[in-house]
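Q: Generate a structure from the sequence data that follows.
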Amino acid sequence: MKNKYFAAVFILFTCLTHSQHYDFKTIIDLETTNVISQDHTGTCWSFSTSSFLESEIIRITGDQIDLSEMYNVRHAYINKSWNYIMRQGKTQFSEGGLAHDVIHSISEHGFVPNAAYTGLMNGRTKHDHSKLVDTLKSTLDNYIKAPKSFNWKKHVNAILDSYLGSNVTSFNYKGVAYTPASFMKKTKIIPEDYVTITSFSHKPFYTNFILNIPDNFSNGAFFNVKLDELIHIVNNALEKGFTIELDCDVSEKTFSSKHGLAILPKDGINLEDAFINISEEKQVTQELRQQEFENYNTTDDHLMHITGVLKDQNGTTYYKVKNSWGTNPKRVNNGGYIYMSEAYFKLKTISVMLHKKAIPKKVFKILKKST
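A: All right, here's what the predicted structure looks like:
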């Protein structure tokens, strides 16, 4: 009888220790603006980078400003069109982009509040760029076939005016007149202060290089560091109060907005159970990360915004990642945030962008020498 009792206790103890529901404790939670939706567009790069810049404005000035995502998108489409034309159509033309495309845009054109440029025309309340991209590409393809037949820049601007609204050169905000450049100056955002960092072994570490991914149409440079250094940079930034722009792969079945989790369970673990109970995760090395990138298992899918850190009851680190898929509880959990495990981040991150002051001094010195 006693043996049966101890056996029952042992089984119960085993179940409890091997089946733990997630219990998260917030370690860092940095201020940001509300979660919104990119709707039916592929412009996560502008939504996430705008969110990142909004947090930067809060950090620098204390002001909360809702920036226009579509103002940046409008200027990026013009740059994409130029790239497509000059490459004679031998490149991708899509809605995709990267964080540095927003930085390039604001360095040339400044930025505006959403109230000054919503990008919503004809009474629309949600964004939908499917026809916009097709119309732009068709126009550009026609020009490539007969390059002297019409002024492509004039046509592209007319299309953008029709779908997103005319370009903004001046506006009023809280009773004050601004241009996009003077408004950016008011926020104290300096585009040159932001750095993109990655970690891949096919290029030398501690150098800048152009990462060959489809959405890097503007040939933006990435500063390359070792994987453990990347983690150190991210953690250091968050501890110092800096949020981080994130480009990563969300195509994995282990990324779930429905559960609000991005995890990397070991092979053989039931995925549905892993979204409910803590499971053992894969060990990620520099070699595995490179392998998954080169065999296309890790792709440039989606950009989001890291705003904090959490830990589960076992002490595992998760990053609090602000998404742009809205807050509908039927589609997303955690109020539109993703809790991303450190293991998932290590394997599936393409790059991060952050303020140069958030980078440890030792790394920043090397970065400055490489530029």
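
Q: Phe364 touches Lys356, doesn't it?
A: Yes: between Phe364 and Lys356 there is a contact under C-beta atoms under 8 Å: 6.3 Å. Every C-beta, even on glycine, is put in place using the N, C-alpha and C of the backbone.

Q: Surely Tyr339 forms part of a strand?
A: Yes: counting by DSSP: H, G, I helix; E, B strand; the rest coil, Tyr339 falls inside a strand.

Q: what about the nearest residue to it once chain neighbours are set aside, which SS state?
A: Spatial nearest neighbour of Tyr339, chain neighbours left out: Tyr318 (4.4 Å); criterion: C-beta to C-beta, 6 or more residues apart in numbering. Here Tyr318 is strand, with the state taken from three-state DSSP.

Q: Quick one: residues contacting Tyr318.
A: Residues in contact with Tyr318 (C-beta atoms under 8 Å, 6 or more residues apart in numbering) are Phe24, Val309, Leu310, Lys311, Asp312, Tyr339, Met340, Ser341, Glu342.

Q: ok, and for stretch 21-36, which residues are buried?
A: Across stretch 21-36, burial judged by 16 or more other C-beta atoms under 10 Å covers Tyr22, Ile28, Leu30, Thr32, Thr33, Val35, Ile36.

Q: So which residues of the stretch 251-371 of the chain form strands?
A: Assigned by DSSP state E, counting those that start in this stretch, the strands in the stretch 251-371 of the chain fall at 255-256, 261-262, 302-311, 317-322, 337-341, 349-355.

Q: Relative to Tyr296, which of those is closest?
A: Smallest distance to Tyr296 across these (C-beta to C-beta): 12.5 Å, for strand 349-355.

Q: Any stretches of this protein with poor pLDDT?
A: 1-18 (pLDDT under 70).

Q: Please name the bridge partners of the residue nearest to the spatial centre of it.
A: Compute the mean C-alpha point of the chain, and by C-alpha atoms, centre = their mean the closest residue is Leu303, 2.1 Å away. Taking DSSP bridges as the rule, Leu303 bridges to Asp247.

Q: Quick check: it touching Ile244?
A: No: using C-beta under 8 Å as the test, Leu303 is too far from Ile244 to be in contact (11.2 Å).

Q: on that earlier part again, distance check, the residue nearest to the centre of the chain against Met70.
A: 16 Å (C-beta to C-beta, to the nearest Å).

Q: how far away is Ile159 from Ser81?
A: Here Ile159 is placed at a distance of 9 Å from Ser81 (C-beta to C-beta).

Q: Looking at the two, which is more packed in?
A: Just comparing Ile159 and Ser81: by other C-beta atoms under 10 Å the higher neighbour count belongs to Ser81, 23 against 18.

Q: separation between the more buried one and Asp141?
A: Distance from Ser81 to Asp141, by C-beta to C-beta: 11 Å.

Q: Please apply the same query to Glu239.
A: Taking C-beta to C-beta, one finds Glu239 at 49 Å from Asp141.

Q: Could you do Ser182 as well?
A: Applying C-beta to C-beta, the value for Ser182 to Asp141 is 38 Å.

Q: related to what we said a few turns ago, and Val133, which of the strands of the stretch 251-371 of the chain is closest to it?
A: Of the strands of the stretch 251-371 of the chain, nearest to Val133 by C-beta to C-beta is strand 302-311, at 17.3 Å.

Q: shared neighbours, Ile159 and Ser81?
A: Taking C-beta under 8 Å, 6+ apart as the contact criterion, the common neighbours of Ile159 and Ser81 are Leu136.

Q: what about the helices in the stretch 51-200 of the chain?
A: Here the stretch 51-200 of the chain has its helices, by DSSP state H, counting those that start in this stretch, at 69-86, 99-109, 130-145, 152-164, 180-187.

Q: Quick check: Phe293 touching Phe200?
A: Yes: between Phe293 and Phe200 there is a contact under C-beta under 8 Å: 6.3 Å.

Q: So for Asn236, what's the nearest residue that isn't a sequence neighbour?
A: What sits nearest to Asn236 in space, not counting adjacent residues and going by C-beta to C-beta, 6+ apart, is Pro360, at 5.5 Å.

Q: and the residue nearest to Gln20 when sequence neighbours are not counted, how many residues sit next to it?
A: Distance criterion C-beta to C-beta, 6+ apart; nearest residue to Gln20, sequence neighbours excluded, is Ile278 at 4.7 Å. Using other C-beta under 10 Å, Ile278 is surrounded by 19 other residues.
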